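J.: I would like to see how this sequence folds:
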Amino acid sequence: MHPQQLTERVYLLQGASNVGLVAGEGREALLIDTGIGRRSGQQIERILQAQGLRLTAILNTHCHGDHTGGNAYLVERSGATVYAPRYDSVVIEEPIWGTMFLFGGGEPIEELRVPRFDSAPCRVDVIVSEGAIEIAGLTVQVVPLPGHTGTHTGYVVDGVFFTGDIVEGDDELENAPLSYTFSVGQRLDSLERLRNYSCSHFVLGHGGVQTRIGHLLERNIAQVKHNLEFITGYLAHTGAEAAEVLSATCKHHGIAARNVRQYFLMYPTICSYLSYLHQQGTVAYEFRDNRLLWHTQGSK
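T.: Numbering: from 1, shown residues only. Presented below is the predicted three-dimensional model:
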């Protein structure tokens, strides 16, 4: 990680997952997310020391281990206050809930107990909700952007919008056409909400910095709608279990799952698409031979 200055106070620490560093009053600093694992925390600590900054607060956009991985180490070393949205705070404090959720509620297999999904537990001191908060002489605007997770949240400080994982960059859109989504409806609403913001910089959870994100919002929305259309068309011709819908969607996109971890990110995403279509009255389900089959309304 090497600090990239965006404004007088705001820096980007770019890595596999982006971290925001904001210099406040009295050499105090706050972080937005902390990257993957203890090593990320150690790298951030060295950067803070080199800058002569003292960590005061960590603001997490959501609970996934690639954004909270440095939390525990940094809190232990600095005593920083941790801010997080409500549902996500549960997983930050008890990561087993995240891996158990991915594995359908059962005891997760060991292959899911990796830093990407299962970071070290860390206390959460403050639950954030929409509005402004004051930290280290800075005003931080809290912007709920649910969809990637149930209470996924963005933060605006000094004109820089840290959007977390609600918006995918160009590379992600090309390489991950079936990206993890907790709620399709919430994700679409959050993407639409972002149209209302004009900031000097938009920092995505992965990838680079954008000065305008209108084109990315359009591409993200179009990708979600494309998946909805494909699944609807597929279920118009056959009844299928969620795993079969996943297989067909992967084939459509040319996706070849590399490992079980990728599979267990895509499977609940397919369930989220089915849930959205069911809420819209587009698809229905039936039980047949102890199988839960999905089909479009009127296609049985």
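J.: ok, G79 to S17 distance?
T.: Here G79 is placed at a distance of 23 Å from S17 (C-beta to C-beta, to the nearest Å). Quick note: C-beta positions are derived from backbone N, CA and C, even for glycine.
J.: okay, now the unreliable bits of the protein?
T.: Counting by pLDDT under 70, the chain contains low-confidence ranges at 299-300.
J.: G79 and S17: which has the busier surroundings?
T.: S17 (25 against 10; other C-beta atoms under 10 Å).
J.: where does the more buried one fall, phi/psi-wise?
T.: phi -130, psi 130 (degrees, to the nearest 10).
J.: ok, it - contacts?
T.: D33, G35, I36, S40, D66, H67, G69, G205, H206 (C-beta atoms under 8 Å, 6 or more residues apart in numbering).
J.: ok, now with 10 Å
T.: Counting by C-beta atoms under 10 Å, 6 or more residues apart in numbering, S17 touches 33-36, 40, 61, 64-70, 116, 164-165, 204-206.
J.: double-check S40 against P115; I have them as touching.
T.: Yes. Counting by C-beta atoms under 10 Å, S40 does reach P115; the two are 9.0 Å apart.
J.: how deep is I166 tucked in, by neighbour count?
T.: Count around I166 with other C-beta under 10 Å applied: 27.
J.: er, V90 actually
T.: Neighbour count of V90, defined by other C-beta under 10 Å: 16.
J.: same question, G20
T.: 20.
J.: what's opposite it in the beta bridge?
T.: Beta-bridge pairing of G20 under DSSP bridges involves L12, I32.
J.: residues shared between the contacts of S40 and P115?
T.: D66, T68, G69.
J.: neighbours of the last one, how many?
T.: Counted by other C-beta under 10 Å, the residues lying close to G69 total 27.
J.: touching, it and P121? I think so.
T.: No. The criterion here is C-beta under 10 Å, and G69 misses it with P121 at 11.6 Å.
J.: what is the nearest of the shared contacts of S40 and P115 to A57?
T.: T68 (14.0 Å; C-beta to C-beta).
J.: give me the number of residues near the closest one?
T.: Neighbours around T68, by other C-beta under 10 Å: 33.
J.: how about T81, phi and psi?
T.: phi -80, psi 130.
J.: same deal with the one 4 residues further on?
T.: Taking degrees, to the nearest 10, you get phi -70, psi 160 for the backbone angles of P85.
J.: same check on the one 10 residues further on?
T.: Here is the backbone geometry of P95 (degrees, to the nearest 10): phi -60, psi -20.
J.: circling back to that earlier point, who has more neighbours out of S40 and P115?
T.: The neighbour count for S40 versus P115, taken as other C-beta under 10 Å, is higher for S40 (28 against 18).
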